[in-house]
Structure formats: C-alpha cells, structure tokens
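Asker: Here is a sequence with its predicted model. Questions after.
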Amino acid sequence: MQSKSVSTFCIWLCLWQCKVVQAVLKQDCNVISINGTGLRKMLTFWMPLLFHPADHIQINVTPLNILGKQHVESLAKAGMKGIFIGRDTATAANFQVSIVFCMQVWA
C-alpha cells in the first residue's frame, strides 16, 4: 500500500490512513474516519481506486468548490480522471455515463 501511495501520489501514508484504506478495501462494513483539517483525508478515498481502477467509480462531495477543483488537479497529476461539478460544469453531458463492455473471445 505504501509503495502505491508513494509511486502515485508521492506521499507516505500515516498509520491511520493505512488502517482506513484497509477497512475500505475489505468491504465488509461501513467505515467512518474523523480527522482534522489538513491531514489528507482524501487519500483514504483515492487509495482504493489504485487497487480496483477498472471497475470502480467514486463520487466525493466537498463543502468548498476550491477543494473539488484541487482534488481534480491532484488526481490528474496521479494519472487519474476526475471531474468537478459546479455551477459552470453541471451540464447534461457531464452527467452521462458511458458503459463499455469487454468481450473475451475464446479460441
């Protein structure tokens, strides 16, 4: 987990972040994590995407527009796609979901 965090986000996870991500990845219960401002709580949301990138979508709601924009920028630096939906970007096109089906052909 640490190696993925460092290689993707250039950040070494704290012990509490590792425990939260492990609980989320386990998928057998709801996870609540309460931490102070500036402790990089968003890493605990983003890290599971590194373990299941193809089959997961994530929706994060932030109280401030600037946070949403910063998250999109951080994800882009890490090679992940994100979109901030605000007054200017709340268009019909941004709410459409494309589903791609992959079919494996057996010889």
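Answerer: Nice, thanks for sending it over.
Asker: Apart from its neighbours in sequence, what residue is nearest A76?
Answerer: In space, and not counting its chain neighbours, A76 is closest to G82: 6.9 Å by CB to CB, 6 or more residues apart in numbering. Backbone N, C-alpha and C define where each C-beta goes, glycine included.
Asker: Repeat that for M1.
Answerer: Closest to M1 by CB to CB, 6+ apart is C18, at 5.8 Å.
Asker: so where does that neighbour fall, helix or strand?
Answerer: Here C18 sits within helix 15-26, counting by DSSP states H and E.
Asker: Remind me what that helix packs against, helices and strands.
Answerer: Packing partners of helix 15-26 (3 or more CB pairs under 8 Å, 6 or more residues apart in numbering; DSSP states H and E): helix 42-51.
Asker: Which SSE is immediately downstream of the helix it packs on?
Answerer: Next helix or strand after helix 42-51 toward the C-terminus (DSSP H and E): helix 65-77.
Asker: Report all helices and strands that that next one contacts.
Answerer: Secondary-structure packing of helix 65-77 (3+ CB pairs under 8 Å, 6+ apart): helix 42-51.
Asker: does W12 really touch V6, like I thought?
Answerer: Yes - between W12 and V6 there is a contact under CB atoms under 8 Å: 6.0 Å.
Asker: Among the two, which residue is more densely surrounded?
Answerer: Here W12 and V6 are compared on neighbour count by other CB atoms under 10 Å; more neighbours surround V6, at 12 against 9.
Asker: what residues are shared contacts of W12 and V6?
Answerer: Counting by CB atoms under 8 Å, 6 or more residues apart in numbering, no residue touches both W12 and V6.
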